[in-house]
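Trainee: what follows is a predicted protein model with its sequence.
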Amino acid sequence: MKAISPGFAVALVLFAALPLAADDRVDALSEDHRAWLTEEVIYIISPDEREVFLNLQTKEEQDLFMEAFWDRRDPNPATLENEFAKEHYRRLEHAMRVLGREAPRAGWKTDRGKHYIILGEPAEVQRYYGNNEVVEMELWLYNGEWEYGLPARFNLLFFRENNIGEYQLYHPHADGPEALINDGFNLRTNQNQALDLLETVSVDVAKASLTVDLSEPTASMFQGRNTRDPTMLQVRPSMSVDRNFADIQEFPLKKVDTDYLQGYLDYGNRVTADYSFNFVDSRSIFSVLVGPGNTPFVHYSIELEPQNLSLEANDDETEFYTTLQVGLELRNMEGQLLAMTDNEPFVRLTKSQFDVAGAFPFAYRDSFPVLPGDYQVSVVLRNRATKEYTVAESVVSIPQPSDALGVTDLILAAGFDDVAAVAAGEHKTFQLAGVELDPVAQPVYALDSVAYVATQVLNGTVDQKMRFSVLADGEVVASEEAPVRVASDGLVIGEVPLLSIPAGNYAVRGELIAPDGEVLVTREAELQISPRTTIDRAGAVYRHSFRADWPGLLDVTLGDQLMARGELNEAETRYRRAMTDAGEQLPMARWKLASTVLFQRRADEALELLTPLETAHPDQVEVVEGLGFAHYINNAYDVALPYLDKAKSLRPPDTSLLNAIGDCYEQLKQPVKARETFELSLQLNPEQKGVKARLAGLSDG
């Protein structure tokens, strides 16, 4: 880091003291919001927070921001009261009522008011009321918080220049000791004499005239002063003064994590307004394993620190619970949405489980099937109890299925458990056969611990082995071999001791070894050894799994991805197989199959598929809309129109639905309603030349 020159530091302090430039966005705020921003939190809001607040468009967003602003500063979220906010408004009230009493402006605007709001009550206050030697002064002594950039002990000196006006903050360089002396102007050619006079009044004041940081040595500032020669100006204020003042201004900003702002900017549009400013950090891992039906599944784990998971409790606090909302989006590398999933697991913990969750990270784990390809995966996890949310993202590559030998990416784990083997066709997250992995969301291990490394060997044989090694700059520092277990879906787990390996960054390599020692396949991942002796692992885990054993569900899910990719024939094959396998257990397979045949304008086949569903699913939009389009394709406009109108009421319509309704009205000689509907369609997409032409040709009667 480059050193800051004293001159530049002075400029920083002076700039910080200037009023903010006029901003039309401030004038546009309501009176309450303007007062909050420009008076109540002016000294404790970060520039980034201020900018985000000013760019908000609605009162609701501004109110939610203010709520999140205080929540981020709450030292104890478990209590009903926000102690930080309470203390801040106490300081603000004191500044207004006491420190502004003799000032011509509001107390929060004064130097004393500003620093009282920032720092709170001094450990000691010394008052000097003015006498023949010195002007009126107040010396505030503080015990600082060095972890936030403040000196361990420091002072602030406020004085009334020439005993006139309000108290102002004393600056050792800009003011000098002579400013503290009555008629001090006469001592400007002999600051040593001014310092001598201050020492007779108070050594503390004399020190404060030269420094802010009381933990730095000040003896050198007082040595060698030659009062007999007034031209020898040997008074030397501390060179760290400007940096100290800047640290005090920044102090309230260093005590709060403003990462939630980036979360809002990046993901705020992914959640409802009541969540938008409540982003919390998380860690995550995404891994690919081949599951039932030789289908690739993406497994993921999202870990939250204890302070980022809040639960509600029953009356006697024996059970703790919340509902999570987990939304996943799968997009291709061009950003096209290919799949969306939503589930709402209910998390319930006993008192003992809650105690564990309060001390160790919480992990949510899930999985979903994916077709071969390269994807961007994004998961939004929301906590209904606190309206907090986090986002996990990754790029995953799914290879084409093959009979060739292969190895999946390495999974670093904290350990594994032997569990009951899954039934044929069943699928469990981070589990193969009878082994359940405990993946780590960050590849960090403690000194002298064991790194568990797992992978899945595809089309391997029992005479092969996996060798797992830890490497530093390409050199092996630890290694372990494990046999390939073909009978358990090819899962291989290596236990690599990290004994006597110093802390640092390493690579872990997995090599599939033939019986003759030939390396057949290699995979690598990053690994970090921490200087700590223990690493906190997930203490409470909620594991959700895709129901691959539900007849037809796997084919429907993959069929949806094929439809999104425009591969209609392949999607039709998947849906048809799902309908055959599931029978009446999965009616969605039937209406999804109908959608593929409708795309190919096979209306009669769509009617055969959908008509049996009409009685049992009268408000299922896919059924209603599908019946409407099937009759529309067959030119049965009078039959189609009621279905299409109902579909419009069940879900916000798109242009294709509105255009079909408009055409029905036109064909049925209702031009007024046709015009209204076509105009609605143009509001959604004004660039529809065909619709504009239809409108131009419509009569009014």
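Mentor: It's in. Numbers count the residues shown, from 1 in each chain.

Trainee: what's the helix or strand for the closest residue in space to Ser282 that isn't next to it in sequence?
Mentor: Of all residues not flanking Ser282 in the chain, Thr390 sits nearest, at 4.0 Å (CB to CB, 6 or more residues apart in numbering). Just so you know, the C-beta spots here come from the backbone N, C-alpha and C atoms, and that holds for glycine as well. Assessed by DSSP states H and E, Thr390 sits inside strand 388-398.

Trainee: I'd like to know which elements that strand is packed against.
Mentor: Packing partners of strand 388-398 (3 or more CB pairs under 8 Å, 6 or more residues apart in numbering; DSSP states H and E): helix 259-267, strand 283-291, strand 295-304, strand 373-383.

Trainee: looking at those, which is nearest to Phe430?
Mentor: strand 295-304 (5.2 Å; CB to CB).

Trainee: tell me the helix or strand right after the closest one.
Mentor: strand 312-313.

Trainee: low-confidence stretches in this structure?
Mentor: Applying pLDDT under 70 to the chain flags the ranges 1-22, 184-190, 218-235, 485-488, 700-701.

Trainee: walk me through the domains of it.
Mentor: Under the assignment automatic domain parsing, the domains of the chain span 122-255, 280-543, 553-697.

Trainee: hey, what's the residue nearest to Ser282 bridged with?
Mentor: Residues in a beta bridge with Thr390, per DSSP bridges, are Leu381.

Trainee: contact partners of the strand holding Thr390?
Mentor: Applying CB atoms under 8 Å, 6 or more residues apart in numbering, the contact partners of strand 388-398 are 263, 266-267, 270-271, 275, 278-282, 284, 286, 288, 296, 298, 300, 302, 304, 308, 310, 333, 370-383.

Trainee: with just CA atoms, put that strand into PDB.
Mentor: Extracted C-alpha coordinates of strand 388-398, given in PDB (Å, rounded to 0.1, in the frame of the first residue of the first chain):
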ATOM      1  CA  GLU A 388     -33.000 -12.700   4.100                       C
ATOM      2  CA  TYR A 389     -31.600 -14.300   1.000                       C
ATOM      3  CA  THR A 390     -28.400 -15.500  -0.600                       C
ATOM      4  CA  VAL A 391     -27.400 -16.500  -4.100                       C
ATOM      5  CA  ALA A 392     -25.100 -19.300  -5.300                       C
ATOM      6  CA  GLU A 393     -23.800 -19.400  -8.900                       C
ATOM      7  CA  SER A 394     -21.600 -21.700 -10.900                       C
ATOM      8  CA  VAL A 395     -20.800 -22.800 -14.500                       C
ATOM      9  CA  VAL A 396     -21.100 -26.500 -15.000                       C
ATOM     10  CA  SER A 397     -20.200 -28.700 -17.900                       C
ATOM     11  CA  ILE A 398     -22.100 -32.000 -18.600                       C
END
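
Trainee: so how far is it off the chain centroid?
Mentor: 11 Å (CA atoms, centre = their mean, to the nearest Å).

Trainee: other SSEs contacting the helix or strand following that strand?
Mentor: Per DSSP H and E, the first helix or strand lying C-terminal to strand 388-398 is strand 406-407. Applying 3+ CB pairs under 8 Å, 6+ apart, one finds that strand 406-407 makes contact with strand 450-458, strand 519-529.

Trainee: hey, which of the ones you listed is tucked in deepest?
Mentor: Most buried of the helices and strands packed on strand 406-407, by mean neighbour count (mean count of other CB atoms under 10 Å): strand 450-458, with a mean of 23.

Trainee: given that one, what are its sheet partners and their directions?
Mentor: strand 406-407 (antiparallel), strand 411-418 (antiparallel), strand 491-497 (antiparallel).

Trainee: these: which one's closest to Thr200?
Mentor: For these, the distance to Thr200 is smallest for strand 411-418, at 67.5 Å, taking CB to CB.

Trainee: just the terminal-to-terminal distance for stretch 248-265.
Mentor: From its first residue to its last, stretch 248-265 covers 29 Å (CA to CA, to the nearest Å).

Trainee: pull out the buried positions in that stretch.
Mentor: Residues of stretch 248-265 classed as buried: 248-253, 255-256, 258, 260-261, 263-264 (neighbour count, 16 or more other CB atoms under 10 Å).

Trainee: what sits up against it?
Mentor: Among residues not part of stretch 248-265, those counted as contacts by CB under 8 Å, 6+ apart are 13, 16, 43-44, 46, 48-49, 52, 68, 72-73, 115, 118-119, 145, 148-150, 156, 276-281, 389-391.

Trainee: what do you get for stretch 28-44?
Mentor: Residues from elsewhere that reach stretch 28-44 (CB under 8 Å, 6+ apart): 20, 26-27, 45, 50, 53-54, 59, 62, 66, 69, 73, 88-89, 92, 106, 108, 114, 117-118, 249, 252-253.

Trainee: returning to that earlier point: looking at the helices and strands packed on strand 388-398, spot the one closest to Pro483.
Mentor: strand 283-291 (18.7 Å).

Trainee: sorry, back to before: how about the buried residues of stretch 248-265 in JSON lines, adding distance to Pro686?
Mentor: JSON lines is the format used below for these (distance: CB to CB, whole Å):
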{"residue": "Ile248", "distance to Pro686": "56"}
{"residue": "Gln249", "distance to Pro686": "51"}
{"residue": "Glu250", "distance to Pro686": "50"}
{"residue": "Phe251", "distance to Pro686": "53"}
{"residue": "Pro252", "distance to Pro686": "49"}
{"residue": "Leu253", "distance to Pro686": "46"}
{"residue": "Lys255", "distance to Pro686": "50"}
{"residue": "Val256", "distance to Pro686": "45"}
{"residue": "Thr258", "distance to Pro686": "40"}
{"residue": "Tyr260", "distance to Pro686": "37"}
{"residue": "Leu261", "distance to Pro686": "35"}
{"residue": "Gly263", "distance to Pro686": "34"}
{"residue": "Tyr264", "distance to Pro686": "31"}
